[in-house]
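Chemist: Provided below are the primary sequence and the corresponding predicted coordinates.
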Amino acid sequence: MKAVDRLAPEHEHEFEALPGLPEPLPPGETVLWQGRPQGLSLARQALWLDRIGIYFVALLVWRLVAGQLDGEDATTTALALARMLMPMAVAGGLLLGLGWLMARSTLYTVTSRRVVMRIGVVLGITYNLPLTRIATARLKPHRDGSGDLALVLSDGDRIAYLHLWPHVRPWHLKSTEPMLRALPDAALAAERLTHAWQAVQGQAMSRQSKTQTPTKTQTPAPVLIPVPSDVPSDVPSAVPDRAPDRHGLLTT
């Protein structure tokens, strides 16, 4: 299956055969799950909204203490703080707005054969990731109830970090891992992906058993899904079948 890059300006479903999909699904392939990030969670995690907010608060406290030490009267200090608050509020609003735009322009899809990531605020790009090219996946719940689902690609597959950002596992620059970020139902997405991945691996082993004399019956390894509390730009169309490793698909 070949990856399709859509470099046209993003308009909500205008050039899509189905929401989030660049072309109609082939016979036998079905959509198992669709979702998009939470705007606030995406801003907090990808744009560091919380850390920047803490930095702003520290600046305000520093200015307040400095004014008191210099003997300023309350009115002067209040005016100084107000002048600082205005650009801080604008910066915070821009980060929130950017997080909302990123979430609004993103749609993740899990089908019975692949993961599709439609991303991009200005230029919409669609990445098709066949399940046969996903080696494992990592589910990371967050305290706000959202979760991230990072996809580890098979050896030799790589997508440029900047092409994926912010839909990529942070700081994994060399071996990039596409990531479904800030999902409100990350556990459900992980469960659907796991079942689809196991079915694909089962089909692969069934095809292998027809061409080889098996010495032992193999079945996909069990998958551990934690309970929440907390790819070059093209994927090769001809891909080898892989048996699942002993750890199953999902890890933490």
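Modeler: The structure has been received and is ready for your questions.
Chemist: okay, now the closest residue in space to Leu164 that isn't next to it in sequence: neighbour count?
Modeler: Excluding the flanking residues, the one nearest Leu164 by C-beta to C-beta, 6 or more residues apart in numbering is Pro178, at 5.7 Å. All C-beta atoms are positioned from the backbone trio N, CA, C, and that covers glycine. The tally of other residues near Pro178 (other C-beta atoms under 10 Å) stands at 26.
Chemist: what residues are up against the nearest residue to Arg169 once chain neighbours are set aside?
Modeler: Counting by C-beta to C-beta, 6+ apart, Glu177 is the residue found nearest to Arg169 once chain neighbours are left out, at 4.0 Å. Residues in contact with Glu177 (C-beta atoms under 8 Å, 6 or more residues apart in numbering) are 138, 150-153, 168-169.
Chemist: tell me which helix or strand of the protein sits lowest on mean pLDDT?
Modeler: strand 250-251 (a mean of 53; mean pLDDT, DSSP states H and E).
Chemist: Show the backbone phi and psi for the residue nearest to Leu164.
Modeler: Phi and psi for Pro178, reported as degrees, to the nearest 10, are phi -50, psi 140.
Chemist: Tell me what it is bridged to.
Modeler: Beta bridges link Pro178 to Val168 when assigned by DSSP bridges.
Chemist: quick one: contacts for it?
Modeler: Pro178 neighbours (C-beta under 8 Å, 6+ apart): 115, 117, 127, 129, 150-151, 153, 159, 164, 167-169, 231.
Chemist: Give me the distance between it and Lys140.
Modeler: Going from Pro178 to Lys140 by C-beta to C-beta, to the nearest Å gives 14 Å.
Chemist: Now do the shared contacts for the two.
Modeler: Contacts common to Pro178 and Lys140, judged by C-beta under 8 Å, 6+ apart, are Ala150.
Chemist: buried ones in the longest helix that the chain contains?
Modeler: Ordering each helix of the chain by length in residues (DSSP state H) puts helix 74-104 first. Neighbour-count burial for helix 74-104 flags 77, 80, 88, 95-96, 98-100, 102-103 (criterion: 16 or more other C-beta atoms under 10 Å).
Chemist: Also stretch 174-187?
Modeler: 176-183, 186-187.
Chemist: Stretch 122-131 too?
Modeler: For stretch 122-131, the buried set under the neighbour-count rule, 16+ other C-beta under 10 Å, comprises 124-131.
Chemist: Which ones among those map onto helices?
Modeler: Among the buried residues of stretch 122-131, no member is found in helices (DSSP H).
Chemist: can you redo those as TSV with pLDDT and distance to Glu23?
Modeler: Formatted as TSV, the buried residues of stretch 122-131 follow (pLDDT from 0 to 100; distance: C-beta to C-beta, whole Å):
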residue	pLDDT	distance to Glu23
Gly124	85	14
Ile125	89	15
Thr126	91	9
Tyr127	93	14
Asn128	92	10
Leu129	93	15
Pro130	93	15
Leu131	93	18
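Chemist: and those as TSV, adding distance to Gly28?
Modeler: TSV is the format used below for the buried residues of stretch 122-131 (distance: C-beta to C-beta, whole Å):
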residue	distance to Gly28
Gly124	27
Ile125	26
Thr126	21
Tyr127	21
Asn128	16
Leu129	18
Pro130	14
Leu131	14
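Chemist: Pull the most distant pair out of the residues you listed.
Modeler: Pairwise distances across the buried residues of stretch 122-131 (C-beta to C-beta) peak at 23.0 Å, for the pair Gly124 and Leu131.
Chemist: Run through the residues that contact the spatially most central residue of the chain.
Modeler: When C-alpha atoms, centre = their mean is applied to the chain, the residue found nearest the centroid is Leu180 (2.1 Å). Neighbour list for Leu180: 35, 37, 108, 115, 117, 148-151, 167, 186, 189 [criterion: C-beta under 8 Å, 6+ apart].
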